[in-house]
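Q: What follows is a predicted protein model with its sequence.
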Amino acid sequence: MRAVITVIGKDTTGIIAKVSNMLFENNINILDISQTVLQDFFTMIMIVDIEKSSIKFEDMLNQLNMLGKEMGLSIRMQHEDIFNSMHNI
């Protein structure tokens, strides 16, 4: 099972490191990643494999939300099927 993670906020050092380390600590594998900085704003989209995750989906959402608040970022995670459904007409 896969999920989509989005990260948006002011660019600061260590965003990718902190998010990817949190995923690593919970046995979530990054399958694909795209990131860019638009002027002073950092944006990132990740496709992750949550099949072998050592944490419940809801608990991971809470951890990412807390990290986002700590870093001044918006971090969201959705199951891939929900993400795809939202973007189909």
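A: Received, thanks.

Q: When you work out contacts or count neighbours from here on, use the C-alpha atoms and nothing else.
A: Noted.

Q: Residue 33: neighbour count?
A: For residue 33, the count of nearby residues is 14 (other C-alpha atoms under 10 Å).

Q: how much space between the closest residue to it other than its chain neighbours and residue 60?
A: Counting by C-alpha to C-alpha, 6 or more residues apart in numbering, residue 33 lies nearest to residue 46, which is 4.4 Å off, once chain neighbours are set aside. The gap separating residue 46 from residue 60 is 15 Å, by C-alpha to C-alpha, to the nearest Å.

Q: Which other helices and strands does the helix or strand where residue 3 lies contact?
A: For residue 3, the host element (DSSP states H and E) is strand 2-10. Under the contact definition 3 or more C-alpha pairs under 8 Å, 6 or more residues apart in numbering; DSSP states H and E, strand 2-10 sits against strand 41-49, strand 73-79, helix 80-86.

Q: looking only at pLDDT, what's the mean for the last one?
A: Meaning helix 80-86. The average pLDDT for helix 80-86 rounds to 69.

Q: Just say helix, strand or coil for residue 17.
A: What DSSP: H, G, I helix; E, B strand; the rest coil gives for residue 17 is helix.

Q: for it, what are its contacts?
A: Contact analysis of residue 17 by C-alpha atoms under 8 Å, 6 or more residues apart in numbering lists nothing.

Q: What is the neighbour count of the spatially closest residue to residue 27 that is not a sequence neighbour?
A: Counting by C-alpha to C-alpha, 6+ apart, residue 27 lies nearest to residue 53, which is 4.9 Å off, once chain neighbours are set aside. Residues near residue 53, counting by other C-alpha under 10 Å, number 17.
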